[in-house]
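In: Sequence and predicted structure are below.
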Amino acid sequence: MEFFRTKRLIIRNVNEKDVPFIYDYRNNEICARYQRGQVRELKEIEALVAKRKKDVFSVNSDFMLAVALKETDEIVGEINVMPSEDCISLGYTVSYKYHRKGFAFEALSSLIEKLHTAYPNYEFISFTEPQNKASMALLEKLGYTHLGYAEKMDSEVYGKWVKEI
């Protein structure tokens, strides 16, 4: 299912044809070095896609989105939306083949706008590795504020529309 389009991208459910691309970037050191808890084995990715291919755009449960090129429908990355009570956490990965092309900003800025319009009372939180300077810069460009370091998670915490720290 397609959720929305941007100038260059389609934001949609993941599907079976995405598996080789997800496998490729999840097993590439450039992408994998900052990812925690992501499955990397081919069978695990196939099972993940089978489980997530019918996810719905809602705050009732986590959902996974494919970020694909409009021209070819090739997946360039993924966004994981993890809602909890009054808070939405976003995680994202963009294939090393598409770094520094503005795809993450384009997809996330549109997604954040749509989520905030649908759920205006929700806070937005993202966590990033302390060494991931590109992700920190992206979050700041998206209007997130650095909230500090969470020692228990060994992560830098960024928030948007956060009511209290």
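Out: Yep, it's here. Values in this document were obtained by computation on a predicted structure and should not be read as measured data. Residues are numbered from 1 along each chain as shown.
In: what are the phi and psi angles of the residue nearest to Gln35 when sequence neighbours are not counted?
Out: Closest residue to Gln35 apart from its sequence neighbours, by C-beta to C-beta, 6 or more residues apart in numbering: Thr93 at 6.2 Å. Heads up, the C-betas are built off the backbone N, CA and C, glycines and all. Dihedral pair for Thr93: phi -140, psi 130, per degrees, to the nearest 10.
In: For Thr93, the count of nearby residues, please.
Out: Number of residues near Thr93 (other C-beta atoms under 10 Å) recorded here: 20.
In: Use 855 as the first number from now on
Out: Let's use 855 as the start, then, which means that last one is Thr947.
In: check contacts around it.
Out: 879-880, 885, 889, 892, 931-932 (C-beta atoms under 8 Å, 6 or more residues apart in numbering).
In: do that again at 10 Å, thanks
Out: Neighbouring residues of Thr947 by C-beta atoms under 10 Å, 6 or more residues apart in numbering: 876, 879-880, 885-886, 888-889, 892, 921, 930-934, 958.
In: Tell me the buried residues within those residues.
Out: With burial judged by 16 or more other C-beta atoms under 10 Å, the buried subset of the contacts of Thr947 is 876, 879-880, 885, 892, 921, 930-934, 958.
In: got those residues as TSV, with pLDDT columns?
Out: Shown next, in TSV, are the buried ones among the contacts of Thr947 (pLDDT from 0 to 100):
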residue	pLDDT
Ile876	97
Tyr879	96
Arg880	95
Cys885	87
Gln892	85
Val921	98
Val930	97
Gly931	97
Glu932	97
Ile933	97
Asn934	96
Ala958	97
